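K.L.:
Task: produce atomic coordinates for the following.
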Amino acid sequence: MKKQEQLCDPRVMLPAALAALCAFAPLAAEAQTPAWPARQITLVVPYATGGPTDTTARLLSEHLKNAWGQAVVVENRPGANAVVGTQAVARAAPDGYTILFGGGSLSSYKTLLKKPEVDVERELAPISLVIVVPVVVTLSPQTPVSTMAEFIAYAKARPGKLNYGSGGGGNTLTAEAFAQAAGIELTRVNYKGESQVALAVSRDEVQVAFVSPLSVKPLLQAGKVKALALSTAKIRSRALPEVPTSLEAGIAGLDMPAWFGLLAPAGTPDEIRRKLSREVAVFSARADISSRLGQFGMEPVSNTPEEFTRMMAAEAAKYAQIARSAKIEPE
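P.N.:
Numbering: from 1, shown residues only. Next up, the predicted model:
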């Protein structure tokens with residue numbers, strides 16, 4: 001067959017045409033896929049304005065805006081142990097334009113709520129951790145002990161007679177994990193939030209509380225409370241460097257910092273979640289961000305969507321075990 005005839009032969013032309021189409025297919029698909037982000041992103045914070053969590057969300061929103069050239073608006077939607085804002089995100093379109101800045105209470109929903117309004121595992125897609133916060137084991141000034149060993153002995157001599165203040169969610173489970181690790185029995189007293197818990201322990205309404213460095217620091221400086229240890233086993237708080245970790249204080253098996261991170265509605269494309277995760281890593285590596293958040297006792301961190309998903313699943317299982325051991329029933 002002559003060369004010209006070969007070029008005109010369908011048996012030659014068809015494979016060549018198909019090869020050309022295949023070569024251009026990825027480019028065509030990429031051209032049809034809209035770039036993200038192409039418009040404003042809403043970052044839903046299920047907590048009130050003004051706190052350190054809200055401050056972190058606003059720092060992150062500014063970072064993302066500068067990185068991508070699109071507005072990132074923080075929308076505070078507090079209420080019902082963060083369920084109100086969380087539910088709003090879970091019901092949103094999975095297009096990457098509505099993102100949740102949620103906390104560790106998400107891992108406790110199935111354990112503590114009889115009828116959770118949100119199925120975290122099915123309705124939300126983890127993106128990345130953003131900050132972790134060591135919780136401070138705090139005593140009232142009237143409790144006549146100053147060290148962890150003294151407190152454990154004091155509590156063992158009074159089973160069930162010492163109260164702890166709880167702001168709900170993961171705070172309750174951290175307290176129960178502490179009690180189980182220490183081999184003591186404490187009685188829960190519920191409050192509406194951390195600020196009320198901190199005030200209650202300073203007034204000896206409860207004898208022990210588990211609050212953030214930011215809440216407890218001014219009370220410590222004023223001599224209104226005592227700090228025994230952190231809820232973390234290895235990491236001290238830059239805001240309270242003199243407070244030992246749980247392991248240093250003699251409590252093995254307690255490593256439960258509070259955390260906050262980004263989550264999207266289930267079904268959000270993986271490439272969007274990964275792009276967000278990578279930018280959180282850039283944010284957390286910034287020296288100015290680390291210095292700013294360190295003042296509040298918060299440590300900027302990041303991880304991949306897969307790592308975050310595994311972490312939340314493991315934490316939910318741990319919370320369920322703690323609740324069973326403490327005989328906590330969903331409410």
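K.L.:
contacts, neighbours, all on C-alpha from now
P.N.:
Fine.
K.L.:
What segments of the stretch 101-250 of the chain are helices?
P.N.:
In the stretch 101-250 of the chain, the helices defined using DSSP state H, counting those that start in this stretch lie at 109-112, 120-123, 148-156, 170-182, 194-202, 213-221.
K.L.:
Let me have these in JSON lines, adding mean neighbour count, mean pLDDT and distance to residue 293 as columns.
P.N.:
Putting those into JSON lines (neighbours: other CA atoms under 10 Å; pLDDT from 0 to 100; distance: least, CA to CA, whole Å) gives the following:
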{"stretch": "helix 109-112", "mean neighbour count": "22", "mean pLDDT": "90", "distance to residue 293": "27"}
{"stretch": "helix 120-123", "mean neighbour count": "17", "mean pLDDT": "96", "distance to residue 293": "27"}
{"stretch": "helix 148-156", "mean neighbour count": "16", "mean pLDDT": "97", "distance to residue 293": "28"}
{"stretch": "helix 170-182", "mean neighbour count": "22", "mean pLDDT": "92", "distance to residue 293": "21"}
{"stretch": "helix 194-202", "mean neighbour count": "22", "mean pLDDT": "94", "distance to residue 293": "19"}
{"stretch": "helix 213-221", "mean neighbour count": "18", "mean pLDDT": "94", "distance to residue 293": "11"}
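K.L.:
what sits against the residue nearest the centre of the chain?
P.N.:
The residue lying closest to the centre of the chain (CA atoms, centre = their mean) is residue 260, at 2.4 Å. By CA atoms under 8 Å, 6 or more residues apart in numbering, residue 260 lies in contact with 53, 101-104, 129-132.
K.L.:
Show the low-confidence segments of the stretch 151-300 of the chain, by residue range.
P.N.:
Scanning the stretch 151-300 of the chain for pLDDT under 70 picks out nothing.
K.L.:
Tell me who's in contact with the closest residue to residue 167 other than its chain neighbours.
P.N.:
Excluding the flanking residues, the one nearest residue 167 by CA to CA, 6 or more residues apart in numbering is residue 193, at 4.5 Å. By CA under 8 Å, 6+ apart, residue 193 lies in contact with 166-168.
K.L.:
Filter the contacts of residue 260 down to the buried ones.
P.N.:
53, 101-104, 129-132 (16 or more other CA atoms under 10 Å).
K.L.:
returning to that earlier point: any idea which of the contacts of residue 260 is closest to residue 199?
P.N.:
Closest approach between those and residue 199, by CA to CA: residue 53, at 19.6 Å.
K.L.:
mind checking the SS state of that closest one?
P.N.:
Classification of residue 53 using DSSP: H, G, I helix; E, B strand; the rest coil returns helix.
K.L.:
One more: the one 10 residues further on?
P.N.:
Secondary structure for residue 63, judged by three-state DSSP, is helix.
K.L.:
follow-up on the earlier one: so which of the contacts of residue 260 sit within strands?
P.N.:
101-103, 129-132 (DSSP state E).
K.L.:
Next up, the contacts around the residue lying closest to the residue nearest to the centre of the chain once chain neighbours are set aside.
P.N.:
Closest residue to residue 260 apart from its sequence neighbours, by CA to CA, 6+ apart: residue 103 at 4.1 Å. Residue 103 sits next to 258-261 when contact means CA under 8 Å, 6+ apart.
K.L.:
ok, and the most crowded of those?
P.N.:
Scoring these on neighbours with other CA atoms under 10 Å, the highest-scoring entry is residue 260 at 24 neighbours.
K.L.:
That one should be in a helix, yeah?
P.N.:
No: counting by three-state DSSP, residue 260 is located in no helix; its state is strand.
K.L.:
So residue 65 versus residue 317, what's the distance?
P.N.:
36 Å (CA to CA, to the nearest Å).
K.L.:
Likewise for residue 327?
P.N.:
Residue 327 is 15 Å from residue 317, by CA to CA.
K.L.:
Which one of those two is surrounded by more residues?
P.N.:
Between residue 327 and residue 317, residue 317 has the larger neighbour count (other CA under 10 Å), namely 14 against 9.
K.L.:
Check which helices and strands the helix or strand where the more buried one lies sits against.
P.N.:
Assigned by DSSP states H and E, residue 317 belongs to helix 305-326. The contact analysis (3 or more CA pairs under 8 Å, 6 or more residues apart in numbering; DSSP states H and E) places helix 305-326 against helix 109-112, strand 124-133, helix 170-182, helix 270-284.
K.L.:
which residues are contacting that helix?
P.N.:
By CA under 8 Å, 6+ apart, the residues outside helix 305-326 that reach it are 107-108, 110-111, 125-129, 173, 176-177, 273-274, 277, 329.
K.L.:
from these, which single one is nearest residue 301?
P.N.:
residue 129 (6.2 Å).
K.L.:
ok, residue 212 - contacts?
P.N.:
133-136, 297 are the contacts of residue 212 under CA under 8 Å, 6+ apart.
K.L.:
want to try a markdown table for the buried ones among the contacts of residue 260, with distance to residue 41 as columns?
P.N.:
Output for the buried ones among the contacts of residue 260, formatted as a markdown table (distance: CA to CA, whole Å):
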| residue | distance to residue 41 |
| --- | --- |
| 53 | 18 |
| 101 | 12 |
| 102 | 16 |
| 103 | 19 |
| 104 | 23 |
| 129 | 18 |
| 130 | 17 |
| 131 | 20 |
| 132 | 24 |
